[in-house]
Every structure is written in structure tokens, then in C-alpha cells.
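*Asks:* turn this into a model:
(one chain, ligands or ions: 1)
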Amino acid sequence: MAKTIGAPRGTRDLLPEQTPAWDHVEAVARDLARRYAFDRIEIPLFERVELFARGLGESSDAVEKEMFRVGGARGSDEERAEWALRPEPTAGIVRAFIEHGMHVRPGPLRLTLLGPMFRYDRPQAGRYRQFTQWDVEVLGDAGPAVDAELVEMAMRFYGGAGLSDVVANVNSVGDATCRPRYRQALVEYFTAHLDRLTDDSRRRLEVNPLRVLDDKDLAPDLAGGAPRSTDHLCDECRAHFRGFLDLLDALGVRHVVDDRLVRGLDYYTRTAFEFVIAGREGQQQALGGGGRYDGLAELLGGRATPGIGFGVGLDRTVLAMEEQGVALPARGPVVAVLGTGDDLADRMRVAATLREAGLAVRPDGSSRKLGKQLESAAKTGATWAAIVGEELVEGRIGLKNLATGEQETVAVDDVVRRIRPER
Ligand code: HAM
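*Replies:* Numbers count the residues shown, from 1 in each chain. Coordinates of the predicted model:
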């Protein structure tokens, strides 16, 4: 036998028993996108490395360590240096916004995307090399109302997914006016404790000191004693943050101010937030996160445009649903169309009629005995069996409820009414 080939490390196959949970969370996301009046946008799965380097920052893990490089068919080093699979969609969406001159459209623009992202990280539970995000972005709105609206929207998503105990950790990381002061305070503090920093953190201290706070190996007492961003905000940023928090209160959104929350990407200004299961904050397993990036459009060569958004990790959401034993909405009925012997054309015609009426139908195309067909119908998850026999000349079939075993003879046209009595 030939050697088998496995899926790439850090990727997953979603098998049929797993996909109903995904269908559910995707449906919740799409329904919310509609109800919050977001428009769908799609961008390529790969972009120039330079877009990510400039947009997310050279010191972000996503760029520094996790770029998933791709080359052309010839795979030269130059090509590999040029392209990477998208680690996240925000930079690409802002690129598209600039490229298509979307700033002239009546705004603010509300854009949404759901799809795979790629980070070439060391795989572990809840961390994959290919994962799926539901992303929303608002361009051209300085907030703070939209900031609260988006946090409320994300929390509504987790509620819709059936999760309990999700909390929003929120912070303000300041802007170009006040961030330098905060950076300086961090540099002074951490320089005094240089011997307790990891090599990673020492490097971060030089490139982007805020990211030292994001080092999971940072000692808790060292993190706890570090300067807080909220103590260093300028008046405008403080007022913006206050407005955001007041609106979260007004909307009744469960949140906690975490004034050492910094995000893993460098584009954030002012509002930053992450969604975690309460009590599991330390595990670096955010279910989602986002924030404001008022400087990103300019950084990418466009005109200054405020922006804010979030990305929800669908993989982690589904994992949390499994952990919490969330029950999924019941699936609709499935009808198996069975028969005896040489009636295949009849079975297929009945199947077609029932499908036209909106039912989910799987015909049995075998010539096995009816008993065997019934057995496999139940095993493959069918809830009803439509049995084609002699009565078909009168437009009638046998209809068996596979859960109760009850059987009756009904007109083909009545099958839908019998199976879905509410209609
Ligand atoms: P992020 O925090 O890097 O933000 O990712 C958002 C979410 O994607 C995470 O909270 C997590 O649930 C999921 N995620 C990230 N990496 C992985 C992975 N390797 N495996 C599984 N899930 C993962 C962003 O990506 C920003 N673009 C969010 C944003 C949008 N900010 C403004 N607009």
C-alpha cells in the first residue's frame, strides 16, 4: 500500500460532525453583520510582505516570527521575500480602501469579512497555522460611540454562539500625542529591571516597549508594577476613553478595564479590547480582539482616516462552545427515499418532488432488501423514510418516522405537512 499523506502541521480538517458548530457561528456572524448594517468585502489571501511589515509593525510577532511566506511556481527567494499569506485582514482591507479611493464614498464605511488567516507559529491547542476569523471594520468614524457599538456587537456574537462568561477587557493605548510619554515611562521602568526580562522582551524594549507587556513570560509582579497607559493619556484620549466606557455602561456591556492590555499588532491607537472567558485571562487564549487604528491609513500611503474593528477567532469560539457543552440548534429532518427492486426512477422522482418542497432528501440507490435500506437510513442520520411502492400510482407513499417507528401511507404532496406539522 502507498504511504499515506497527513494534513499539514497546524491545520485541521473539519469533519461532518464538527461542521454544524461552524455553520452555527458563521450564521450568527452573518446575521449580526446584516443587523448592524455591514457590507461584505473580500480581499486576497496573500499580499505583499511590505503591507504587513508596515501595517502590523516589524516588532509584532505576526511579522517578526509568523509570516507564512509564499513563492511563485519557481519559488525563488525574491518571490518568497515579497509575498505572504494574510495573518489578519485589517491591513489588506485598509489597502483596498486606499487603492479603490473608497474615502469618497458616503461614510462611515462598515465592512465585514469571514475567512481563513495564516500565521506560521508553533501549533498548540487553540493556535493554528490556518485559522478563521470573522472580522468587522469601520472606516471614517472617530468614535467613541462606534467603539462601544463594536464591543457590544462582538459580545452579542459570543452570546449568540451560546457562550457564557465572556468578558471584554478594554483599555486605551493613547495616540501620537501621548503614547511617546507612555513609551518613555515603560522604557525607564523596564530598563531598571533589565535582568528580569527575557531576550524577547529586551529586543521589544528597543523596538516597541509596549509589547514587553505582551510577553507571556513577564513576571506577574513586574507586569503589575508597570506604568499604566491610562495614567499617561492626553486630555483628548482621556475624554475619548471616558466616553467609550460610559457608553459601554449605558449599553450594559460586561467589561473590565485592563490598563496594561496592549495588543499584539502595532497599529492600535486609543481603544483596544480583547474578549476572554472570565477567569481564564492568563492563558493568552483570547476569543477575539480589536481596537482603533487611526494612523493606519496614513501609514499605508492613504489620507488620514480613523478606523476601528475587531477580529473574532472562530476556531477558539467553537473550542469554547465544546468546552461549555453548548447545545446546537436542532437540525432539520432528513428524508431517506427507499424502495423495492427496480423502482429507481420512481425513487428519484419522489426525491426530486420532496426536494422541491424544501426537504433534505437522500435517496437509496441500492437494490438491497427494504429492511437493510431502513437500517442504513437510520444509521446515516435520516429521521424519516419515504418508502416507494405500489401506491405510487395513486400518488401515495409509505412514510415512516424513524425515531418512533410509526408508519402511514400519505400522498406525496402531504409529506411536507406531515414532517413539519407547524407549516
Ligand atoms: P488578533 O488579536 O491578532 O487581532 O486576532 C484576533 C483573534 O484571532 C484572536 O483573538 C484569536 O481568537 C484569533 N487568532 C489569532 N491567531 C490565531 C491562531 N494562530 N490560531 C487560532 N486563532 C487565532 C487581529 O487579527 C486584528 N486584525 C483584529 C482587528 C480588526 N483589529 C482591528 N480590526
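*Asks:* need the pLDDT of the residue in the chain that the ligand sits nearest to.
*Replies:* Closest to the ligand within the chain is residue 313: 2.1 Å, counting by Cβ to the nearest ligand atom. In this view, the C-beta of every residue, glycine as well, is placed from N, C-alpha and C. For residue 313, the pLDDT comes out at 98.
*Asks:* ok, it - contacts?
*Replies:* The contact partners of residue 313, by Cβ atoms under 8 Å, 6 or more residues apart in numbering, come to 131, 132, 133, 286, 287, 288.
*Asks:* so which residues on this structure come close to the ligand?
*Replies:* By Cβ under 6 Å from any ligand atom, the part of the chain that sits against the ligand consists of 88, 90, 119, 121, 126-128, 131, 133, 135, 137, 264-265, 286-291, 293, 309-311, 313, 315-316.
*Asks:* what about those, which are in strands?
*Replies:* Within the residues of the chain next to the ligand, residues falling in strands by DSSP state E are 131, 133, 135, 137, 288, 289, 290, 291, 309, 310, 311, 313.
*Asks:* give me the phi and psi for residue 129.
*Replies:* Main-chain torsions, residue 129, degrees, to the nearest 10: phi -80, psi -30.
*Asks:* for the residue nearest to it when sequence neighbours are not counted, give its distance to residue 128.
*Replies:* In this structure, residue 129 finds its nearest non-sequential neighbour in residue 10, 3.1 Å apart by Cβ to Cβ, 6 or more residues apart in numbering. In this view, residue 10 and residue 128 are 5 Å apart by Cβ to Cβ, to the nearest Å.
*Asks:* and these two? which has more neighbours close in?
*Replies:* Legend: neighbour count by other Cβ atoms under 10 Å for residue 10 and residue 128, higher for residue 128 (21 against 18).
*Asks:* contacts only, for the most centrally placed residue in the chain.
*Replies:* Closest to where the C-alpha atoms of the chain average out (Cα atoms, centre = their mean) is residue 133, at 2.9 Å. Listed by Cβ under 8 Å, 6+ apart, the contact set of residue 133 reads 88, 89, 113, 114, 115, 117, 311, 312, 313, 314.
*Asks:* who wins on neighbours among those?
*Replies:* residue 89 (28 neighbours).
*Asks:* list buried residues within the contacts of residue 313.
*Replies:* 131, 132, 133, 286, 287, 288 (16 or more other Cβ atoms under 10 Å).
*Asks:* what sits up against the helix or strand of the chain with the lowest mean pLDDT?
*Replies:* None of the helices or strands of the chain scores lower by mean pLDDT, DSSP states H and E than helix 77-82, at a mean of 78. Contact with helix 77-82 is made by 48, 49, 50, 69, 70, 71, 72, as judged by Cβ under 8 Å, 6+ apart.
*Asks:* out of these, which are inside strands?
*Replies:* Per DSSP E, the subset of these in strands is 48, 69, 70.
*Asks:* what is the neighbour count of the first one?
*Replies:* Burial measure for residue 48: 15 neighbouring residues, criterion other Cβ under 10 Å.
*Asks:* which strand residues bridge it?
*Replies:* Residue 48 has these beta-bridge partners by DSSP bridges: residue 83.
*Asks:* OK, contacts around it?
*Replies:* Residues in contact with residue 48 (Cβ under 8 Å, 6+ apart) are 82, 83, 84.
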